[in-house]
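*Asks:* Requesting a structural model of the entry that follows:
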Amino acid sequence: MLRDEIRDLLSNDPFEPFRIKLVNGDNHDVFDAQTVALQEVTLTIATTDQNWYILPIDKINSIESLIADFHTELHRHG
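*Replies:* Okay, here's the model as predicted:
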């Protein structure tokens, strides 16, 4: 079910950024769908600093919208 929700978020047009919150308290922000690979049981995120995060889908606690944060970043950086 969560995998389907993530797939839907990644395919939204226009894309809306979101935050993935893990059960251990870590957060990962997704600002570009092209930096994410969704597999059967994992989600891989590539970051701008050339790191990769492989997240087990069953360790995701929640997903929240970052649309307000995204617009603030755009406004701040033009």
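
*Asks:* what's the burial count for His6?
*Replies:* Small correction: residue 6 is Ile, not His. For Ile6, the neighbour count with other Cβ atoms under 10 Å is 20. Where you see a C-beta, it was placed from the backbone N, CA and C, and this is true even at glycine.

*Asks:* pretty sure it is in a helix, no?
*Replies:* Yes: when classified by DSSP: H, G, I helix; E, B strand; the rest coil, Ile6 is found to be part of a helix.

*Asks:* Could I get the contacting residues of it?
*Replies:* Leu38, Leu43, Ile57, Ile63 (Cβ atoms under 8 Å, 6 or more residues apart in numbering).

*Asks:* In the protein, what residue spans correspond to helices?
*Replies:* 2-11, 67-77 (DSSP state H).

*Asks:* Check the gap between Asn24 and Lys59 for me.
*Replies:* 7 Å (Cβ to Cβ, to the nearest Å).

*Asks:* I meant Glu40, not that one.
*Replies:* Plainly put, Glu40 is 14 Å away from Lys59 if you go by Cβ to Cβ.
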